[in-house]
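# let's see this in three dimensions:
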Amino acid sequence: MKPQDDPFRKILVLHGPNLNMLGTREPEIYGRITLDEIDRSLGKIAKEAGSSVQSFQSNSEADLISRIQQTVGDGTDFIIINPAAFTHTSVALRDALAAVKLPFIEVHLSNIFARESFRKESYFSDLALGVVSGLGYRGYELALEYALTAR
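The predicted model follows:
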């Protein structure tokens, strides 16, 4: 993290598999807002706070891991991640987050604890500073608000 007297934050927002389908994919569960709309909103909030957000979505576990590894030395201060289905399956993504040693918040649009039993286990939650689950797109905004003010 940056020194306390430097309010600028460089935040990486990672979106896992199938989140590129937001707005049309099971809107009764995930809502009607698109991923592009979420990313634009986050960018606007960060800019107003004098910081920056870079968003990255991939359906590929390898691409997400590579993007996490790129944070080493690039000035990223904080990660917000919605691992989507990889939440319940990816030790490799967990290991990448542990390796870069950046603070992160895990976000889920739906309440994963009120869904199928296999969705109730996360490979990330014990490493995350926090978990936002079930608040729809607002979960990303709440995570960003925290990331912008965390010291």
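
# only alpha carbons, please: show the helix or strand of the chain with the lowest mean pLDDT as PDB.
Lowest mean confidence among the helices and strands of the chain (mean pLDDT, DSSP states H and E): helix 27-30, at a mean of 76. Coordinates of each C-alpha in helix 27-30 appear next as PDB, following Å, rounded to 0.1, in the frame of the first residue of the first chain:
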ATOM      1  CA  PRO A  27     -30.900 -12.000 -14.700                       C
ATOM      2  CA  GLU A  28     -33.100 -13.200 -11.800                       C
ATOM      3  CA  ILE A  29     -29.900 -14.200 -10.000                       C
ATOM      4  CA  TYR A  30     -27.200 -11.800 -11.400                       C
END
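
# just checking, what packs against the helix or strand just after it?
The helix or strand immediately downstream of helix 27-30 is helix 35-48, counting by DSSP states H and E. On a contact count with 3 or more C-beta pairs under 8 Å, 6 or more residues apart in numbering; DSSP states H and E, helix 35-48 meets strand 10-15, strand 52-57, helix 138-149. Quick note: C-beta positions are derived from backbone N, CA and C, even for glycine.

# hey, which of these is tucked in deepest?
strand 10-15 (a mean of 23; mean count of other C-beta atoms under 10 Å).

# tell me the angle of it relative to strand 52-57?
Calculated by axes from the mean of the first three to the mean of the last three C-alpha atoms, to 10 degrees, strand 10-15 forms an angle of 20 degrees with strand 52-57.

# how about the helices and strands packed on helix 35-48, which one is nearest Pro103?
Among those, helix 138-149 comes nearest to Pro103, with 7.9 Å by C-beta to C-beta.

# hmm, who's touching that closest one?
9, 11, 13, 38, 41-42, 45-46, 49, 51, 53, 77-78, 80, 82, 103, 105, 107-109, 129-130, 132-133, 135 (C-beta atoms under 8 Å, 6 or more residues apart in numbering).
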